[in-house]
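Undergrad: model the following, please.
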Amino acid sequence: MQKDETDKSIQALKYIIESQKVLYQPSSNVDNADKLLSKMYYRLECSGSSKSPVVISQSIEPLIGLLRDPLTMCSHTDLPENVKIAGEDAIQSKRFFLLGPSAPYQNYQTTTPIIPPWLYKPGAQVILFDVGSSYFNGMDSTAVTTSTIGTRWFYEYFRSKSLSLDRIFTFEATQYVPKSYWNQIPDDIIGRLTFINAGVETSGKLNPWNILKTIAKPEDYVIIKLDIDTSALEMALCNQILNDTSISSLIDEMFFEMHVTVNEMMPYWGAPGGELKDTYILFRKLRSLGIRMHSWP
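TA: Numbering: from 1, shown residues only. Presented below is the predicted three-dimensional model:
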């Protein structure tokens, strides 16, 4: 990575880290953010209203490099101390995510700040689908508490913002002893979490999107994490989202670790086929549907 690219990555990462600390913030320093980040554009139209549609943009981390934290996958010798990460924390770094509740937004029709309407509506629920969840605290029943695993990371993010997950659906194909799984679940989400200890499928009752359509409404804030390490099945599920608006219209944010053949990730992924450009193509298509698409590390 060239020095000017490293400097931009540092600026972008610092901007995202600061943004993660707050909620529902109108854009400040817009010019700087525009140079560093990507944007999602939304238009809110009210049926039967004579008012002009409201157009809002919202920042999101850019699709760059290996689609992971840009300061952790390559060797750097001159990084500021406050952005250095070492070891396994670097490989699974999630500090580059800019989730909807923390993403700066800009309203183009009025100077009056409003909360982006697709993120909050009275009576709406926040719903997480963690497809390939492992244990709540880690990869096994004895794992120490860590936020590198999906469900706990989302739980901690929302709790740190004084928000809550109303419904949580976790899917895991590996068979767990029920007591060992539930012992790790925090008391405050016991009644909200549904654990499906079976592998997901492309159709039928174990298709996660069929379940999603039965419990979610368009006004709900729905987050999907897909990481089951089975590329053919993962791509089939992604294509269902691309080709079915009854699914895509329910999803607000999605996280997906797409395995492709790339030198830097071969120690972890091997050579599953496909190229990095395929990930860019898929993520741009999903973002064009209004889904805030992120690359899960």
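
Undergrad: from Leu276, how far out is His265?
TA: Careful, residue 265 is Met; it's not His. According to C-beta to C-beta, to the nearest Å, Met265 stands 9 Å off from Leu276. Every C-beta, even on glycine, is put in place using the N, C-alpha and C of the backbone.

Undergrad: next: Ile228.
TA: Per C-beta to C-beta, Ile228 is found 20 Å from Leu276.

Undergrad: same check, this time on Glu5
TA: Between Glu5 and Leu276 the computed distance is 16 Å (C-beta to C-beta).

Undergrad: would you mind telling me which of the two has more residues around it?
TA: Higher neighbour count among Glu5 and Leu276: Leu276, with 17 against 12, using other C-beta atoms under 10 Å.

Undergrad: how about the nearest residue to that one, chain neighbours excluded?
TA: Excluding the flanking residues, the one nearest Leu276 by C-beta to C-beta, 6 or more residues apart in numbering is Val262, at 5.1 Å.

Undergrad: hang on, the earlier thing: overlap in contacts of Met265 and Leu276?
TA: By C-beta atoms under 8 Å, 6 or more residues apart in numbering, Met265 and Leu276 have these common neighbours: Leu66.

Undergrad: now the stretch 1-150 of the chain, which segments are flagged as low pLDDT?
TA: Scanning the stretch 1-150 of the chain with the threshold set as pLDDT under 70 gives 1, 27-33, 45-52, 74-77, 87-88, 109-120, 143, 145-148.

Undergrad: which residues of it fall in strands?
TA: Using DSSP state E, counting those that start in this stretch, the strands of the stretch 1-150 of the chain run over 38-44, 54-60, 105-107, 126-131.

Undergrad: in the first one, what's buried?
TA: By neighbour count on 16 or more other C-beta atoms under 10 Å, the buried set for strand 38-44 is Ser38, Lys39, Met40.

Undergrad: now tell me what touches it from outside.
TA: With contacts defined as C-beta under 8 Å, 6+ apart, strand 38-44 is touched by 53-63, 116-118, 287, 290, 292.

Undergrad: quick one: distance of it to the chain centre.
TA: Mean-position distance between strand 38-44 and its chain equals 17 Å (C-alpha atoms, centre = their mean, to the nearest Å).

Undergrad: and the angle for it with strand 54-60?
TA: Per axes from the mean of the first three to the mean of the last three C-alpha atoms, to 10 degrees, the angle that strand 38-44 makes with strand 54-60 is 160 degrees.

Undergrad: can you give the strand pairings for strand 38-44, parallel or anti for each?
TA: Paired neighbours of strand 38-44 in the sheet (DSSP bridges): strand 54-60 (antiparallel).
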